[in-house]
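Asks: Provided below are the primary sequence and the corresponding predicted coordinates.
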Amino acid sequence: MSDAIKHECGLAFIRLRKPFSYYQQQYGSVFYGLNKLYLLMEKQHNRGQDGAGVATVKLHTEPGVPFMHRIRSSQPQPIGDVFGRIRDEIAEIEKYQPEITKYPGLMKGHLRFLGELLMGHLRYATQGKNNVELCHPFVRYNTIPARNLTMAGNFNLVNVEELFNFVKVQPGETHKNSDLAAMLEVVHHFLAKEDEQRQNGLDVKAILQQAFSMFDGGYHVCGLIGSGDAFVIRDPHGIRPSYYYVNEDVIVAASERAAIRTAFNVGENEVMELMPGTALIVKENGEYSIEEIIPAKERRACSFERIYFSRGNDEKIYKERHALGYHLSETVLKAIDNDLRNTIFSFIPNTAEVAFYGLIKGLEDYLNKIKVERIMSWGKDFDEEKLTEMVNRRVRIDKIAIKDVKMRTFITEDSSRNEMVQHVYDITYGTVKPGTDTLVVIDDSIVRGTTLRESIIKMLDRLGPKRIIVMSSAPQIRYPDCYGIDMSKMGEFVAFQAAIALIREQGKEYILQEAYGLCKELERTNTLNAQNVVKNIYKPFTPEEISAKIAQIITPAGINAQVEVIYQNIESLHASCPSNLGDWYFTGNYPTPGGNRVVNKAFMNYMEGKNERGY
Ligand SMILES: O=P(O)(O)OC[C@H]1O[C@H](OP(=O)(O)OP(=O)(O)O)[C@H](O)[C@@H]1O
């Protein structure tokens with residue numbers, strides 16, 4: 001089967017609250033909104049590099065004049081492509097009317113994308129072919145202006161089929177697995193109903209309450225309506241991140257706080273978090289409100305956002321990644337028997353860099369403590385040489401792995417990933433004392449283990465270390481994620497491969513058969529969402545046993561160094577990222593019942609040899 005593309009990951013929204021002439025006077029450009037949208041998107045490019053799209057709505061147009069426009073790209077550098085094409089349109093008009101930029105009203109009439117409502121999207125398609133038809137935003141056109149709707153989002157739903165059935169829509173081949181297509185149809189269904197009944201303005205809150213009570217998953221979604229209204233909404237568990245900022249000139253929303261801070265040059269506390277289950281609703285007249293759409297449920301904000309996905313320049317995320325590294329320092333000291341003299345520390349670029357600083361801080365704190373203890377124990381028995389030697393003891397750090405391509409391989413589609421990871425990294429020669437040094441490298445996450453097996457371990461081994469210890473600032477990734485970040489097939493997780501290998505080695509295949517039988521039974525009684533059966537696969541083994549097996553799996557043939565893997569534990573993860581406790585990919589504790597169905601389906605697919613995702 002061809003894989004469905006279900007991953008849509010970065011969002012930007014701007015509502016201009018003043019006429020275009022104001023922005024020209026105040027900020028020197030009628031393109032203020034478009035420029036800010038570009039910046040917001042560029043600052044979130046970490047969230048998706050496979051596609052980009054923009055939609056705009058113009059307010060108060062004459063009847064018959066198009067007011068909703070959309071442009072999308074799945075070219076390499078898609079943000080540049082989208083805005084390049086918008087720029088070309090501007091240049092074309094200026095060619096014939098060089099004075100036009102002086103007349104904002106005229107500009108609005110001539111330029112398709114000069115709208116007061118702007119929405120941008122960055123797409124990450126980890127699976128299947130990158131098809132521009134699947135890039136957000138999607139649009140639902142209608143002859144009645146208020147029933148035109150365009151939406152984009154960062155989300156995964158686990159009940160798409162059910163939703164299409166509800167609105168009695170037969171989606172085409174391209175969109176049949178698309179969460180957004182299903183969501184758009186459902187929201188449009190209630191929008192049309194509301195428009196039929198309404199006396200005055202649209203009751204956007206009522207539309208959202210009816211539509212969003214039907215969605216099972218994690219989401220951060222934005223919609224622009226032909227009436228001039230707009231909304232941004234976040235799932236009731238707060239799984240996906242969502243932030244907003246308001247001043248007299250603009251209303252802004254985005255997936256990451258730091259992007260808003262940089263684009264609008266504002267402080268940490270000026271950017272607000274959109275709380276779980278609520279929506280930012282912007283009325284056609286530029287007023288806004290924060291409304292509860294679905295009562296908030298237990299907060300399960302995604303921790304993988306903090307560990308890997310978001311950009312690390314966010315004030316809180318930086319501290320959290322630092323803490324993740326710090327928490328690992330004690331464990332690594334134990335692993336190397338406190339032998340800092342013969343150990344060299346480094347990181348796998350890029351995301352792990354901040355955790356590396358945290359790790360080093362932890363090691364330095366230890367070393368400083370030791371120095372003080374030693375010096376104190378000398379009493380008066382020391383000289384300059386002895387003291388200098390002690391004070392100059394350092395944790396040995398070096399930049400050993402280099403990333404040649406400035407792209408995120410994890411969010412690169414599967415077919416090209418293996419080859420890519422082989423060529424993405426390189427090493428710095430002459431850094432390690434061959435045969436003596438232990439080399440410790442920290443990565444933020446080990447998912448499939450491909451980065452390590454196909455590239456990093458072989459390269460590091462060329463430097464001749466005695467041991468290679470890989471530390472992961474995330475715990476073992478054991479279960480699929482179906483709420484936003486694509487990790488969908490059981491057999492691909494190196495932790496699952498390790499559990500299977502241990503089961504086989506120990507002749508415990510009955511565990512697999514029992515779990516499969518239980519899944520089948522749950523399927524028959526339509527209760528696949530009642531429990532996560534895959535937990536039984538891991539149950540017989542300690543995390544350390546799984547880690548030891550993972551180390552074997554990621555060690556390619558012909559490696560001289562002894563390879564070990566050390567993971568973060570769940571307690572330290574939670575201590576490091578206290579407001580993002582969503583940890584289902586590590587623990588198997590899904591926030592919605594749909595999650596259990598997904599993991600059980602993924603396991604059944606694995607047992608049946610089907611290479612397809614569980615949702
Ligand atoms: O175990 P695997 O399945 O190979 O995946 C894990 C790797 O993927 C990510 O790197 P990526 O290149 O996406 O991003 P980065 O440069 O931001 O770290 C992550 O940082 C790990 O290094």
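Replies: That came through, no problem.

Asks: ranges for the strands of the stretch 451-600 of the chain?
Replies: For the stretch 451-600 of the chain, applying DSSP state E, counting those that start in this stretch gives strands covering 467-472, 562-567.

Asks: tell me which of those sits most buried.
Replies: Using mean count of other CB atoms under 10 Å, the stretch among the strands of the stretch 451-600 of the chain with the greatest mean number of neighbours is strand 467-472 (a mean of 24). The way it works is simple: take the backbone N, C-alpha and C, and place the C-beta from them, glycine included.

Asks: show me where the stretch 101-250 of the chain has helices.
Replies: Shown for the stretch 101-250 of the chain, the helices assigned by DSSP state H, counting those that start in this stretch span residues 104-110, 160-167, 179-197, 204-212.

Asks: could you tell me the least trusted of the ones you listed?
Replies: Ranked by mean pLDDT, the helices of the stretch 101-250 of the chain end with helix 160-167 at the bottom, a mean of 89.

Asks: okay, that helix in CSV with CA atoms only?
Replies: Taking Å, rounded to 0.1, in the frame of the first residue of the first chain, the C-alpha atoms of helix 160-167 are listed here in CSV:
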residue,chain,number,x,y,z
VAL,A,160,-10.6,10.2,9.6
GLU,A,161,-12.8,7.5,8.1
GLU,A,162,-15.5,8.1,10.6
LEU,A,163,-15.4,11.8,9.9
PHE,A,164,-15.8,11.3,6.1
ASN,A,165,-18.7,9.0,6.8
PHE,A,166,-20.3,11.6,9.0
VAL,A,167,-20.4,14.3,6.4
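
Asks: now do that helix: everything it contacts.
Replies: Here helix 160-167 makes contact (CB atoms under 8 Å, 6 or more residues apart in numbering) with 157, 170-171, 176-179, 182-183, 185-186, 189, 214-215.

Asks: whichever of those end up buried, select them in PyMOL.
Replies: Buried residues within those, by 16 or more other CB atoms under 10 Å, are selected in PyMOL with:
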select buried, resi 157+171+177+178+179+182+183+185+186+189+214+215
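
Asks: neighbours of Ser310, how many?
Replies: Ser310: 27 surrounding residues under other CB atoms under 10 Å.

Asks: thinking again about what came up before, in CSV: the helices of the stretch 101-250 of the chain, plus distance to the ligand.
Replies: Listed next are those as CSV, based on distance: least, CB to the nearest ligand atom, whole Å:
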stretch, distance to the ligand
helix 104-110, 39
helix 160-167, 26
helix 179-197, 22
helix 204-212, 31
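
Asks: nearest approach to Glu373 belongs to which of these?
Replies: helix 179-197 (57.5 Å; CB to CB).

Asks: including distance to Lys433, could the strands of the stretch 451-600 of the chain go into a markdown table?
Replies: Output for these, formatted as a markdown table (distance: least, CB to CB, whole Å):
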| stretch | distance to Lys433 |
| --- | --- |
| strand 467-472 | 12 |
| strand 562-567 | 16 |
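
Asks: so which of those strands is nearest the ligand?
Replies: strand 467-472 (8.7 Å; CB to the nearest ligand atom).

Asks: now Glu544: how far from Leu280?
Replies: Per CB to CB, to the nearest Å, Glu544 is found 46 Å from Leu280.

Asks: these two: who's more crowded?
Replies: Ranked by neighbour count (other CB under 10 Å), Glu544 and Leu280 place Leu280 first, with 25 against 11.

Asks: ok, now which ones touch the closest residue to the more buried one other than its chain neighbours?
Replies: Among residues not flanking Leu280 along the chain, Val232 sits closest, at 4.4 Å (CB to CB, 6 or more residues apart in numbering). By CB under 8 Å, 6+ apart, the contact list for Val232 reads Leu11, Phe13, His220, Val221, Cys222, Ser242, Tyr244, Ala253, Leu274, Ala279, Leu280.

Asks: again, only this time at 7 Å
Replies: Residues counted as contacts of Val232 (CB atoms under 7 Å, 6 or more residues apart in numbering) are Phe13, Cys222, Ser242, Tyr244, Ala253, Leu274, Ala279, Leu280.

Asks: of those residues, keep whichever come out buried.
Replies: Listed as buried from the contacts of Val232 are Phe13, Cys222, Ser242, Tyr244, Ala253, Leu274, Ala279, Leu280; burial here means 16+ other CB under 10 Å.

Asks: OK, contacts around the fifth one?
Replies: Ala253 sits next to Phe13, Cys222, Val232, Ser242, Tyr243, Tyr244, Leu274, Leu280 when contact means CB under 7 Å, 6+ apart.

Asks: can I get the helices of the stretch 101-250 of the chain in JSON lines with distance to Thr451?
Replies: Listed next are the helices of the stretch 101-250 of the chain as JSON lines, based on distance: least, CB to CB, whole Å:
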{"stretch": "helix 104-110", "distance to Thr451": "48"}
{"stretch": "helix 160-167", "distance to Thr451": "31"}
{"stretch": "helix 179-197", "distance to Thr451": "28"}
{"stretch": "helix 204-212", "distance to Thr451": "37"}
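
Asks: right, so of these, which gets closest to Ala352?
Replies: helix 179-197 (30.2 Å).

Asks: give me the pLDDT value at the residue in the stretch 501-615 of the chain that the ligand sits nearest to.
Replies: Nearest residue of the stretch 501-615 of the chain to the ligand: Ile554, at 8.4 Å (CB to the nearest ligand atom). Note for Ile554: predicted pLDDT of 97.

Asks: what's near enough to touch it?
Replies: With CB under 7 Å, 6+ apart as the criterion, the residues that contact Ile554 are Gly449, Leu452, Arg453, Ile457, Val494, Val563.

Asks: let me see the contact set for Pro171.
Replies: Phe164, Ala181.

Asks: how near is it to the ligand?
Replies: To the ligand, Pro171 is 31 Å away according to CB to the nearest ligand atom, to the nearest Å.

Asks: now swap in Ser289 and tell me
Replies: With CB to the nearest ligand atom as the criterion, Ser289 and the ligand are 37 Å apart.

Asks: kindly report the same for Val494.
Replies: For Val494, the distance to the ligand - CB to the nearest ligand atom - is 7 Å.

Asks: quick one, phi psi at the residue lying closest to that residue once chain neighbours are set aside?
Replies: Counting by CB to CB, 6+ apart, the nearest residue to Val494 once its immediate chain neighbours are dropped is Gly449, at 3.4 Å. Taking degrees, to the nearest 10, you get phi 80, psi 0 for the backbone angles of Gly449.

Asks: which residues touch Gly449?
Replies: By CB under 7 Å, 6+ apart, the contact list for Gly449 reads Val494, Ile550, Ile553, Ile554.

Asks: kindly recompute the last result at 8 Å.
Replies: Val494, Gln497, Ile550, Ile553, Ile554.

Asks: state the distance from the last one to Phe304.
Replies: It refers to Ile554. From Ile554 to Phe304 the distance is 20 Å (CB to CB).

Asks: then the third one?
Replies: To Phe304, Ile550 is 18 Å away according to CB to CB.

Asks: quick one: name the residues of this structure near the ligand.
Replies: With CB under 6 Å from any ligand atom as the criterion, the chain meets the ligand at residues 308, 348-351, 403, 408-411, 443-451.

Asks: list the beta-bridge partners for His220.
Replies: Asn154, Arg234 (DSSP bridges).

Asks: neighbours of it, just the number please.
Replies: Neighbour count of His220, defined by other CB under 10 Å: 27.

Asks: pLDDT score assigned to it?
Replies: With respect to pLDDT, His220 has a value of 96.

Asks: wait, it sits on His237?
Replies: No. Here His220 lies out of contact with His237, judged by CB atoms under 8 Å, at a distance of 11.8 Å.

Asks: residues contacting the nearest residue to Thr587 once chain neighbours are set aside?
Replies: What sits nearest to Thr587 in space, not counting adjacent residues and going by CB to CB, 6+ apart, is Ile570, at 6.3 Å. Contacts for Ile570 (CB under 8 Å, 6+ apart) come out as Pro475, Asp583, Phe586, Thr587.
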